[in-house]
Every structure is written in C-alpha cells, then in structure tokens.
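Novice: mind folding the following:
(chains A and B)
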Protein chains: 2
Amino acid sequence: METKRIAEILRQGNPGDSTRVQGWIRTKRESKGFSFLEVNDGSSLANLQIVLNGDYPEYEQILKTLTTGASVEVEGELVESPAKGQRVELKAAQVTVFGEADETYPLQKKRHSFEYLRTIAHWRSRTNTLGAVFRVRNACAAAVHQFFQERGFLWVHTPIITGNDCEGAGELLAVTSLDLQNVPRGDKQAVDYSQDFFGKPAYLTVSGQLEAEVMAMAFGNVYTFGPTFRAENSNTSRHLAEFWMIEPEMAFCDLEGNMDLAEQFLKFAFKSVLEACPEDMEFFNKRINDTVLATADNIINNEFERVTYTDAIALLEKAPDKFEFPVKWGLDLQSEHERYLAEKLFKKPVIVTDYPIEIKAFYMRVSEDEKTVRAMDVLAPNIGEIIGGAQREERLDVLEARMRSHDINPEELWWYLDLRRFGTVPHAGFGLGFERLVQFMTGMGNIRDVIPFPRAPESLDF
Amino acid sequence: METKRIAEILRQGNPGDSTRVQGWIRTKRESKGFSFLEVNDGSSLANLQIVLNGDYPEYEQILKTLTTGASVEVEGELVESPAKGQRVELKAAQVTVFGEADETYPLQKKRHSFEYLRTIAHWRSRTNTLGAVFRVRNACAAAVHQFFQERGFLWVHTPIITGNDCEGAGELLAVTSLDLQNVPRGDKQAVDYSQDFFGKPAYLTVSGQLEAEVMAMAFGNVYTFGPTFRAENSNTSRHLAEFWMIEPEMAFCDLEGNMDLAEQFLKFAFKSVLEACPEDMEFFNKRINDTVLATADNIINNEFERVTYTDAIALLEKAPDKFEFPVKWGLDLQSEHERYLAEKLFKKPVIVTDYPIEIKAFYMRVSEDEKTVRAMDVLAPNIGEIIGGAQREERLDVLEARMRSHDINPEELWWYLDLRRFGTVPHAGFGLGFERLVQFMTGMGNIRDVIPFPRAPESLDF
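Specialist: Here you go, the predicted model:
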C-alpha cells in the first residue's frame, strides 16, 4: 500500500482506494459508536477526515492516545464523505500512533495571536495560517528559479561575507573570529585585524549587486537569490535583520529592458503562486486581508504604467488629495505619494523612472540632463514599492566622479571600476526583497510571520 | 532583428538567418582582405566566429578597436562555416564597439594559472574553464531545486545567524554590531552582550539541519539550500569558510528511505548536468580530469552498494592493500579506506551505514545494539565521501542522554527536544556540500575555483 500526501488524496483520491497517510492530528470529535480525526500532513491547508469505528480493537484505549498534536499513520479505504467541502474521507482499518501529545502541547484548538506564535516558532508551521504562508513561500521561491532559468539567466552565488563597507554604512553587522573578551591590539591600541580570520574587517553583505554585475559581464544574464543583512535598529513590521534578496543583472540592457523584465517577473510570480496554492491564497483573502486576490489579479492582468519621476511630481501637484509630506521636485516620494499614484490615479502597478541624481545611489546611470539617473521603482496597489532598480553607470570617468561625490574611495572598488575599464557595456538590473514579496502576496501584517525563524533586534531564538 | 545567444545560434542557427549577437572578443585573426573575430557571450564554451570583410567602412580604423576583451554587438547573416567544429559563422554587416580594451586587459591570449586567476576573480569567468565551471554550477543548482520540487519537498530557509553554539564548537564565526575598538563591559568586565544587536552572542550557522527538522515536523518533506560557514583555519583545496549546503529532511522516514533519496538525488544531479552542459563536461574530461565522464557514468548507471560499517571493516581487514591508517572497529574510516571500497572493491558508489556511536553526532538514532547509530556516508569512486546523513533520534529520553554525553545542555535546544515531546516521528535526512559536488562533477582540483568569490583564511577579496 502506497503512502499518499493528503493534498493528492483530496484532489485525486476516489472512493474505494486503499491508502495510507501519515501526519499529525489537528482535532478529534467523538460521536456515538465512532470518532472523527482531522489529520494534516503539511501538504495542504485542508485536513483529511479519518473515521474510526467503535469496533476497532481496543477502541477506547487507542482513542486516548489520539490527541491534538499526536503523530499517526492510518491505513484504510477512502469513502465518499457526507460532510461538506470534502469529496472523500478515510475509513481507518489500521491506526498507528508514533508520538503522543499530552494536554500541554502548545497548539490546542483555540486561536493564538501571531505574536504568541512567534515565541513557539518550532510549532507555528502546524497552524493553518503559517502552514499556508510557508507553502506559498516555497511556491514563490520555486517560481523565481523557474522564471530566470527558463530565460537563460544563471543563478550566481555572490559572497555573504564581504570586505566592502561602502554600501549600507552604519547598517553593517561585523563577522569576526576574534575573542571579544580580549580583542588583540596592535599599533596605537587599534584592533589588530591581522589576527582575525580574514586578516581584515569583515561584514555581512547588504546586497549582491556589485558582484552580480561582475558575473553579468561574463555570462550576460544572471540573478542572485540569497540572504542579505541589515543591522537597522528598527522594530517594524516590514524590516528584518536577515532576509533573502533576488537581484537579476543583465548585460547589454538598458532601463526599458529592465522595466520589461520586472513586469514579466512580478506577473509570473503571482500567477505561479495562484496556480500552485489556490486554497492557501483563498484562505489569505478570506481570513487575513481581503485585497489579496484583487491585488494579484491587478498585477497579472494590467500593463504596468510607466511614468517619469518628473511627470509623477506634476501629477501629485495636481492631485486633489492633501498629503502629509511635501511634493517637490528633488524630494523622494513618500509612501502616501506612491499609494496615490498606484491606487487612486492609475489603479494599477506603476513604474516611476528617472529620479533626481541627489537621492539615488552612486552606481545608477547619469542621464544627459545630468539632473536625473536612470533609476526605477515599481509601485503596486495595496503594496507600495516592491522593486527598485536601475541602469548602471558604465562610463568609467562618470562612475569615478560619482563615487567621489558619495565619499567612496574608488580604490576600494578597483575591481568594480575595472569592469568599466575593459569591454564595458550598458547593463541594468533590479532588486527585490523576497520576504516583502511573500508578505504582499499573502497580505500578512508582519514580515516576521513570512520567514520561518525571523532575525531582528533582540530576536535570535531557535 | 532579434538578439540571439551564441549557444542557440551554434545549436540551431541556419545559413541565411539574419541575427544579432552581443559579447566580448576573445581573439582576432587578420587575414588578407578580411578578419576573424572569436566572440563569446557566456552562453557556451564555444565562441561564434565573426567574419569582417575588408570592404567594411573604415575597416582599418574599426579593426584597431576590435581587441581581446572589447565588447561588441554584431549584426549580419549566418553563413556555412568552412572551419572545423562549427556549422555556421556570422558575416558581419554592422559592428558596434561598446567598450574597448587595451593591451593591459588581464586576459590576453596566453594561459593563466588558476592561482593567478583567483587574484582577478572579476575577470576569470571569461576564461574557458571558469566559464564552464559556473555554467555547470548553475545547471547543478537548478537540478537541485527541480529534483526536490518535483517530489513535493518544500524549500525552507533556515537561519544564517544563530544563537546556537552547540554544533561546530571552535569553528564558529561570530556576528556582532559591537564596536571592537571599545567593546562594552558589564559585570566583572565581561562583554556586555545586552548592547549587541541581538542582545546575546550570535554566530554564523554551520548547518540548517536542526531547523530543517522543525519544518519537516510540519510539512513532511523539506530541504535547505543555503550558505553555511566554518572558521576552520585550514588552507586546503577542499575547504571554504563560506559554502552552500543542501540538506533534505523527511518525516516518517528511516535510513532505507534516506539512502534511496540520496542515490536518486546524485543520479539526477549528474544526469541533469550532462544533459544541460554536454560541451562543458566534455571539456573538463579532456582538459581538467579524464575521469570526469567515467565517474558521472558510474554514478548514473550503477545501483549503489550498501554495506554496514561493521561489514566494511571486515572487508578492509581482508583487503590485499596495505593502509597507512589502522583498520579497526571503532575507528573512523580514512580516505584511503573509502577509496578502496568504492574504487577497488565495489567499483561503484557505496553507502556505508551504522557507524560506531562514539564517532558520530548526538542527533543520530541509536540502534538496538546500543553500539551503533543509524548513520550513512555515501562514497563515490574518484570522489570519496560526498554525502553524510542519518536517521535522527526521535526518542526524547535517548536524545537527552546523548546530548549530555556530548556536553550539550538540553535546555539550550529546548525547542529541538520539544519536537520529541509532542507528536514525535521517525525521520531522516542528509547533507551535502554544494561546492564539493560541483568540484567532483567538474574534476576541478581546488574548491576555490568552483565558487565565484571564495572565502577562506586571509581571503576576502571582491
């Protein structure tokens, strides 16, 4: 007899099939002469209903061990279910309890707050919501790879530990093998990094972009999908100290091609997840946030609006809405402005391009007007900014000047500049935070609930 | 006119097709009245030959800019190639140089040592060998996801920063936001970790296994594929401080199921790479290590031998070979022993199981004999140990006793023990180092040449 996943049984099982399932008991309901067990194996939101007849050998005794949280294997025959919402249930012929769970098992039937569930992160995946989140997370992650692999992009692994401190200054976490209790001292009592593992200061990366550019300059199209880190000391519902980033980079590509890729990518990701996890997405829409399906539909079925920052400012100035923050050319767009554009004005995703040079990073390509750079931000209704990207500065002299104006010593990034010294090409790319994407897809209120073991200030459990 | 990747043109292009390619010049050969350019765009080992006729406008002038390392876009018509080993070449109608490269470009035609290439890691992907390595690396990484996703395993992201120091003692890299120049002191001059980002000591993970077990206890089958770290102070050709690990974990699974999965996985990975990158694999076999294709064939086409450690010891004792290290029940197998079993005795992959309890980790399941644990190592000819795994100890009392005998405080892993307290199930999993796998597939001598930017003692460039 074959062991089957419950998702498969609920989808394809037929009355009369002999089958075996393995999972954990969610609830038990005793009735006259028989009992119902709801068993879940993590393959789907829905449980499989097991019917255990009163004539089962030592019925009363085994029933005592069939408690919420216990792990079981059940063999039997599928029968048509008289209950609503399920085609089949399993008539138990043989029940084996692997591990019992007494009444101190933390996930008894009552509802728990997400805050409490974070303190038992080793159990929360067995709840409906977190189970659905991590199935969606997996489907979305698989879609990322499928999207890029089908288009011939190479997955490149950029370094996690880096010696570059030029990006994310002040938000870096250091990596060291030195004994913090007795930090070795050298000249003038300065830390003697020659005794550290790497022989110099080391940090956790904030982005793989610069190294991804290196790889794009050899392979054309590449992407990263790996962990990145920020030591932001902010306990918000949208920040993590450790999160996964996706960063495609394309050689011989300008901002138009970059926008095309970002739009195709988002459509593909939402579509794939709706196809892979329809019940989970329905669940989020019903129980967590009733804009979830409408947002997905909006992203999939609309051509994204494309508007320059300069035009966006003009539109915001004409808006009937009162904004808290000032609207003025040269100032960054605030969340309220982005929401107005995507939700009220265009009512669909908007790509804002060509931001003022002063508010963007040193590596973005300077336009002919010398006042803007070829940056882009993708804004989505009910979501806000989800992707940030740019065409990169490929001209050596311009890039060097930009680095100096950002107080970055060009010598530190000699290899990055080298790419512009020999065989430079126009290239572009973007980045998006994977947890943000999953948070937005599922409508979950707190980003700590879309990663299995969240890392944040003072938060390092499990 | 469509821009095409060179791999596609070489495979499917037909004489008469109009096409555009973008890439970097590898070499230029001038002849009477025309010139040949070899252009590579990273999509394949082979270059596309471009023919530039002497009647091209300002021929002499543009020829000077078409140097090794320069980036170009070429439009033209494919014609049958008279040269050996290529079906078509591109007759240039329009050549655009994006970025020139003068004679100081580091990859001039002569051969470079792998040691030297590591010092120019931002260029080495444009060499034949490293280009092939990173294409194979991508194909192998894609195969990992395909294998597990097709079988319903969830990709789970286990934490990179951890508070657990019970594994890999002495090999941990610390993560901190403290100022190393002025480490804050608390009680009795001890480091005041309350001022650190996480409020306590934090480290880079050495394995995601324990957290993967948590996820398997909710979803059944899961896998990790992420970076792990070791501060081993050894400068060998097989160690990195930062490397990617693959760790599947299966609930309701014993050592037999674990062995089956490991065997299927390796066969799938080798097969997928041979299919995706046949030219690159031929190249490794011809230029790097002539056992590459035979090893792949051996893994794909043989049923793996399965032998207990106890039987393996008996076989080694009967071996005609003289070993440097002693063969004795209770001692770990050395590389020479593993090679004898896989290469000389069985001549195919061997899974050795049931190792002495004293030489294996605390989480491995103790057998009835109480002398062995349900561990497994997969050994392959010309490769050695490539996978290590085990059925996990699912019994609370046995696990607690094992932790104490390993000087691990059970309270520190309260959540790991909790999994055995409520609804415990038999489960199993294994781990393999991704770079080791790529190293073995390609036959590359040094593991630093199979990851784009290697991290090792004193090695933190780029």
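
Novice: closest approach to chain B from the stretch 301-450 of chain A, which residue is it?
Specialist: Nearest residue of the stretch 301-450 of chain A to chain B: residue A:424, at 3.4 Å (CB to the nearest CB). Any C-beta I mention is one placed from the backbone N, CA and C, and that applies to glycine too.

Novice: next up, the contacts around that residue.
Specialist: Residue A:424 sits next to A:394-396, B:71, B:98-99 when contact means CB atoms under 8 Å, 6 or more residues apart in numbering or on different chains.

Novice: show me the helices in chain A, by range?
Specialist: Using DSSP state H, the helices of chain A run over A:6-12, A:59-65, A:114-119, A:128-150, A:209-219, A:255-276, A:278-283, A:292-301, A:309-317, A:335-339, A:396-405, A:414-421, A:434-442.

Novice: switch the contacts of residue A:424 over to CSV; also include pLDDT.
Specialist: Formatted as CSV, these follow (pLDDT from 0 to 100):
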residue, pLDDT
A:394, 98
A:395, 98
A:396, 98
B:71, 98
B:98, 97
B:99, 97
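
Novice: so for residue A:166, what's the pLDDT?
Specialist: pLDDT recorded at residue A:166 is 70.

Novice: measure it to chain B for me?
Specialist: 13 Å (CB to the nearest CB, to the nearest Å).

Novice: try residue A:53
Specialist: 23 Å.

Novice: that residue against residue A:37, yeah?
Specialist: No. Residue A:53 lies out of contact with residue A:37 (CB atoms under 8 Å); the separation is 12.0 Å.

Novice: mind checking which of those two has more residues around it?
Specialist: Legend: neighbour count by other CB atoms under 10 Å in any protein chain shown for residue A:53 and residue A:37, higher for residue A:37 (27 against 13).

Novice: residues contacting the more buried one?
Specialist: Counting by CB under 8 Å, 6+ apart, residue A:37 has contacts A:25, A:27-28, A:49-50, A:52, A:66, A:72, A:74, A:92.

Novice: nearest residue to it other than its sequence neighbours?
Specialist: Among residues not flanking residue A:37 along the chain, residue A:50 sits closest, at 4.1 Å (CB to CB, 6 or more residues apart in numbering or on different chains).

Novice: what is the one you found paired to in the beta sheet?
Specialist: residue A:37, residue A:90 (DSSP bridges).

Novice: dump the residue contacts of it.
Specialist: Residue A:50 neighbours (CB under 8 Å, 6+ apart): A:21, A:36-39, A:74, A:76, A:89-90, A:92, A:95.

Novice: I'd assumed residue A:239 was in contact with residue A:433.
Specialist: No. Using CB under 8 Å, residue A:433 is not in contact with residue A:239; the gap is 9.7 Å.

Novice: ok so, going back, how far away is the residue nearest to residue A:37 from chain B?
Specialist: 15 Å.

Novice: tell me the pLDDT at that residue?
Specialist: 97.

Novice: does stretch A:266-286 come close to chain B?
Specialist: No. Stretch A:266-286 is not in contact with chain B by CB under 8 Å from any CB of the partner chain; minimum separation 9.8 Å.

Novice: can you give me the end-to-end span of that stretch?
Specialist: With CA to CA, to the nearest Å as the measure, stretch A:266-286 spans 23 Å from end to end.

Novice: got a list of contacts for it?
Specialist: Under CB under 8 Å, 6+ apart, the answer for stretch A:266-286 is A:44-46, A:128-129, A:132, A:135-136, A:139-140, A:142-144, A:146-147, A:291-293, A:296, A:299-300, A:349, A:378, A:380, A:386-387, A:437, A:441-444.

Novice: roughly how far is that stretch from the heart of the chain?
Specialist: Centroid separation for stretch A:266-286 versus its chain: 14 Å, with CA atoms, centre = their mean, to the nearest Å.

Novice: ok, back up a step: which one of the contacts of residue A:424 is nearest residue B:405?
Specialist: residue A:394 (60.2 Å; CB to CB).

Novice: burial count for that closest one?
Specialist: 22.

Novice: thinking again about what came up before, a markdown table for the contacts of residue A:50, including distance to residue B:199?
Specialist: Formatted as a markdown table, the contacts of residue A:50 follow (distance: CB to CB, whole Å):
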| residue | distance to residue B:199 |
| --- | --- |
| A:21 | 43 |
| A:36 | 46 |
| A:37 | 42 |
| A:38 | 39 |
| A:39 | 40 |
| A:74 | 45 |
| A:76 | 50 |
| A:89 | 49 |
| A:90 | 47 |
| A:92 | 48 |
| A:95 | 46 |
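
Novice: filter the residues you listed down to the buried ones, PyMOL style.
Specialist: PyMOL command restricting the contacts of residue A:50 to the buried ones, with burial defined by 16 or more other CB atoms under 10 Å in any protein chain shown:
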select buried, chain A and resi 21+37+38+39+74+76+89+90+92+95
